[in-house]
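> no sequence for this one, just the structure:
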């Protein structure tokens, strides 16, 4: 039982550290703070998939179609996305990222990467930096686990 408690504590400590790092990264992008987390995530999905239907985006973001509509309206007003009628079904609209959207997405990713690199160099020893590099593989496996 003691061993299991130690393992659970390890998992809890790892979750807490990752969650705190993610929250910190979100705050370290002045550009990214202008958009909600869902807006940034939606833009990232559009970057990854080129074009998606609003309903597909809503499912991926785990929000209602109505909430996704509000997100898309804001991104459209900012000039970050385009809406184009589907060639297969004229009742449906494909959403894609415009060049300005690509640029802003790239900018806030770059801001976060720069902050993280500075933080690693400031806070971590050379050995700890090696350990962080080694942890990327196992952490990626966790993220990709289905």
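Thanks, I have it. Worth saying up front: this structure is predicted, and the values here are computed from it rather than measured. Residues are numbered from 1 along each chain as shown.
> To which secondary structure element is the most centrally placed residue in the chain assigned?
With distances taken as Cα atoms, centre = their mean, residue 41 lies nearest the centre of the chain, 4.8 Å away. Counting by DSSP states H and E, the element that carries residue 41 is helix 37-49.
> Next, the buried residues of that helix.
Going by neighbour count (16 or more other Cβ atoms under 10 Å), the buried part of helix 37-49 is 38, 39, 40, 41, 42, 43, 45, 46. In this view, the C-beta of every residue, glycine as well, is placed from N, C-alpha and C.
> List just the nearest of these to residue 114.
Taking Cβ to Cβ as the measure, residue 114 lies nearest residue 40 of the buried residues of helix 37-49, at 16.8 Å.
> buried ones in stretch 82-99?
82, 94, 95, 97, 98.
> how about those residues, which pair is most distant?
94 and 98 (12.8 Å).
> can you tell me the average pLDDT over stretch 35-46?
Average pLDDT, stretch 35-46: 93.
> helix, strand or coil for residue 82?
Look at residue 82: counting by DSSP: H, G, I helix; E, B strand; the rest coil, its state is strand.
> Do I have it right that it meets residue 98?
Yes. Counting by Cβ atoms under 8 Å, residue 82 does reach residue 98; the two are 5.3 Å apart.
> Thanks a lot, see you next time.
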